[in-house]
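**Student:** What follows is a predicted structure for the sequence shown.
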Amino acid sequence: MADEEKKPRKKDSGKVTLSGREMIVLIIFGPCVFVWLFLASRIVISATTSSSTLENIEGLLTALAVLTIPVSAGLGKLFEGGWGDKEKPDKEEEDE
């Protein structure tokens, strides 16, 4: 028992593994997130430089709101708690 406690634990190598499902989510929602960010930055830049954009901003904000739905769903999938789950220790190790 004392020998087991003195053994150094293996360090994580820092590698990240993705399943096929996670890769598909990244491939599908990646461009959607980039378009959403581009549109949001374009709205801010246009609104700060042109007063006519502020008068007609409803259409741009509607497009941004429509894109927000799939972006939030995709980011929700990406940041689920299921990534990087480590194996649970055996009951014997928990009892000790």
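**Tutor:** Arrived safely. Everything numeric in this text was worked out from a predicted model, so none of it was measured.
**Student:** C-alpha from now on. contacts and neighbour counts both.
**Tutor:** Noted.
**Student:** does Leu18 sit in a helix, a strand or a coil?
**Tutor:** Assigned with DSSP: H, G, I helix; E, B strand; the rest coil, Leu18 falls in the coil class.
**Student:** Can you give me the pLDDT of it?
**Tutor:** Note on Leu18: pLDDT of 74.
**Student:** And it, how close does it get to Leu78?
**Tutor:** According to CA to CA, to the nearest Å, Leu18 stands 11 Å off from Leu78.
**Student:** More neighbours: which of the two?
**Tutor:** Leu78 (16 against 10; other CA atoms under 10 Å).
**Student:** Next up, the contacts around the more buried one.
**Tutor:** By CA atoms under 8 Å, 6 or more residues apart in numbering, the residues touching Leu78 are 22, 25-26.
**Student:** For Val25, what are phi and psi?
**Tutor:** In terms of degrees, to the nearest 10, the main-chain angles of Val25 are phi -60, psi -40.
**Student:** close enough to count as contact, it and Gly74?
**Tutor:** Yes: judged on CA atoms under 8 Å, Val25 makes contact with Gly74 at a distance of 7.0 Å.
**Student:** Compare the two (neighbour count), which wins?
**Tutor:** Gly74 (18 against 14).
**Student:** how about that one, phi and psi?
**Tutor:** Torsion angles, degrees, to the nearest 10, at Gly74: phi -70, psi -40.
**Student:** same check, this time on Ser50
**Tutor:** According to degrees, to the nearest 10, Ser50 has phi -130, psi 130.
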